[in-house]
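In: okay, here's the prediction I keep looking at, along with the sequence it came from:
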Amino acid sequence: MATDPRPLLAGIVADRLHELGDDIPRALDVPSLRTGISAMTVALMAYLAKGA
């Protein structure tokens with residue numbers, strides 16, 4: 001009798017998502033990424049202020 005593979009697959013997917021979830025905060029903690037986002041935000045605010 002064949003076993004249902006769905007619980008096994010669900011467990012594997014859950015493990016992978018958990019691993020990725022642990023890496024996301026570390027990926028967002030890269031200083032260059034934060035600086036880039038900040039610079040983009042400042043540029044956008046300046047652009048909007050100039051246009052208003």
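Out: Cool, the structure landed.

In: how far away is T3 from I12?
Out: Relative to I12, T3 is positioned 14 Å away (criterion: CB to CB, to the nearest Å). The C-beta positions use only the backbone N, C-alpha and C, and glycine is treated the same way.

In: go on, A49?
Out: 50 Å.

In: higher neighbour count, these two?
Out: In terms of neighbours (other CB atoms under 10 Å), I12 is the more surrounded of A49 and I12; the figures are 11 against 8.

In: how near is the more buried one to P5?
Out: Counting by CB to CB - I12 and P5 are separated by 10 Å.

In: lowest-scoring secondary structure element of this structure by mean pLDDT?
Out: Among the helical and strand segments of the chain, the one scoring lowest on mean pLDDT, DSSP states H and E is helix 6-28, with a mean of 70.

In: which SS class is T3?
Out: coil (DSSP: H, G, I helix; E, B strand; the rest coil).

In: quick one: contacts for D4?
Out: Residues near D4 by CB atoms under 8 Å, 6 or more residues apart in numbering: none.

In: gap between it and A10?
Out: When CB to CB is the yardstick, D4 and A10 sit 10 Å from each other.

In: and if you look at A49?
Out: Computed as CB to CB, the A49 to A10 distance reads 50 Å.

In: again, but for G51
Out: Distance of G51 to A10, given as CB to CB: 50 Å.

In: of those two, which one has the most company?
Out: With other CB under 10 Å as the criterion, G51 and A10 differ in neighbour count, and A10 comes out ahead with 10 against 6.
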